[in-house]
Structure formats: C-alpha cells, structure tokens
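Undergrad: Got a sequence here, can you model it:
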Amino acid sequence: NWHSQISSLLVELQWKPTLTIRAGIGQGVSLVTPVAVARYVAAIANKGTVYDAHIVDRIVDPAGSVVRVVEPSVYSQIDAPDSYWDAIQQGLVGVVSPEDGGTAAEAFSPEFIAAGYSSKLAGKTGTAQTGENTVDIENTSWFVTYLPKDEPEIAVVVCVPNGYSGSSSAAAIEVISKYYLDLK
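TA: Okay, here's the model as predicted:
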C-alpha cells in the first residue's frame, strides 16, 4: 500500500504547464502569509516600493516617553512603468465599485456603499482552495484593500480559513475601513 502512496506523491512533484497556470492565479503550490500579501498590496498602492514588515512603529516606556521609533525600511523596488501600476490600480478600484459592476461590490452592505466608503477603496477578493475536496466550505477567504484609493495610507488583508469565498471577508473590510476613515 505504501508503494502506491509514494508513487502518487512523486507524480504530484512533477511540474506540468497546468501547474504554472494554477500558480499564476494563486492556486496549487502557491503559499503566502497575510503579512506577505499586505506588503505586496502596499507595493501596488505606492507603485513598486516593497517595505520590510514591522510589528510596531514605536516603543513607549511606562511614563509615556518614546524609547525607540522604528522607521520604515525598503526591502526592494519593483521597476515597472507607471502605466502598468495605473492599470492594476484601476482594476482594483473596479473590483469594489458598484458603478463599475465590480465583483466585490455586492459583498458590501448598502449602508457602507451609500455612505461613500466603498468609493474610497481599491481591493481584490480571493478564494483559495485548500485541498482536493470539492466542498466549498473548506476554501480560504481573502480580501485585500488599500485606502484611501487616491492617496493610500494603509493596506488591509483579511484571511479567513474555511471562509467559503473571498467576498465573505467583506464584512471585516467594512468594519476596518469605516473605523480608519472615521478616525480621519
């Protein structure tokens, strides 16, 4: 019995053209963390600068004095023409736009849209299949956004294991976006 299992695993290790296609849309062997996705959606928002991830921006002592400030540091730069970045950004705006018939627009509440919050976002949903099973409930729900779309300040990533579909994460995006924009 173990011979059959090993043979099956070896067949899966052989790279095929279909695996290139599946990897290109984030399926199959693609593995990312939410922090990695946040870094790259931020790079899209700022047209190519990939920053190192930091957990804190400052350390404060019990008296309230700043002990250390962690400055942003650049990890790498993605060199691409502005026209590429503009096209990608416009696509992300379209995904969340009710006026453009965006695929994620319907996931937001009518109140969120009516208050104008969705018009300040650029984003993308994703549904990652986690195995060979065809049961949708096992899919991982992803939603990435940056805001405000015209002068981005933050990137937000919501990842819900067993979240069914990408649009299932929209409620969390709503809460986070409203909170951030209302603070401004």
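
Undergrad: how far away is residue 30 from residue 23?
TA: 5 Å (Cβ to Cβ, to the nearest Å). In this view, the C-beta of every residue, glycine as well, is placed from N, C-alpha and C.

Undergrad: Could you give the bridge partners of the most centrally placed residue in the chain?
TA: The centre of the chain sits closest to residue 144, judged by Cα atoms, centre = their mean, with a distance of 3.0 Å. Beta-bridge pairing of residue 144 under DSSP bridges involves residue 124, residue 157.

Undergrad: mind checking how far it is from residue 1?
TA: Where residue 1 is concerned, residue 144 sits at a distance of 43 Å (Cβ to Cβ).

Undergrad: ok so, going back, close enough to count as contact, the residue nearest to the centre of the chain and residue 156?
TA: Yes. Under the criterion of Cβ atoms under 8 Å, residue 144 makes contact with residue 156 at 7.1 Å.

Undergrad: ok, then the element right after the lowest-mean-pLDDT helix or strand in the chain?
TA: Every helix and strand of the chain was ranked by mean pLDDT, DSSP states H and E. The lowest is helix 2-13, at a mean of 75. Next in sequence after helix 2-13, counting helices and strands by DSSP states H and E, comes helix 17-24.

Undergrad: Export that following helix to PDB, keeping only CA atoms.
TA: Presented in PDB, the C-alpha positions along helix 17-24 are these (Å, rounded to 0.1, in the frame of the first residue of the first chain):
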ATOM      1  CA  PRO A  17       2.300  23.500 -17.700                       C
ATOM      2  CA  THR A  18      -1.100  23.400 -15.900                       C
ATOM      3  CA  LEU A  19       0.700  23.900 -12.600                       C
ATOM      4  CA  THR A  20       2.100  27.200 -14.000                       C
ATOM      5  CA  ILE A  21      -1.400  28.400 -14.800                       C
ATOM      6  CA  ARG A  22      -2.700  27.400 -11.400                       C
ATOM      7  CA  ALA A  23       0.200  29.000  -9.600                       C
ATOM      8  CA  GLY A  24      -0.400  32.200 -11.500                       C
END
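
Undergrad: Strands of the chain, start to end?
TA: Counting by DSSP state E, the chain has strands at residues 49-51, 58-60, 66-69, 74-77, 122-128, 140-147, 154-160.

Undergrad: Now stretch 109-119: average pLDDT?
TA: The average pLDDT within stretch 109-119 is 93.

Undergrad: Just give me how far it sits from the chain centre.
TA: The chain centroid and the centroid of stretch 109-119 are separated by 20 Å, computed with Cα atoms, centre = their mean, to the nearest Å.

Undergrad: Equivalent analysis for stretch 105-117, please.
TA: 19 Å.

Undergrad: Quick one: residues in contact with it.
TA: Stretch 105-117 is contacted from outside by 95-98, 118, 125, 167-168, 170-171, 173-174, 177-178, 181, using Cβ atoms under 8 Å, 6 or more residues apart in numbering.
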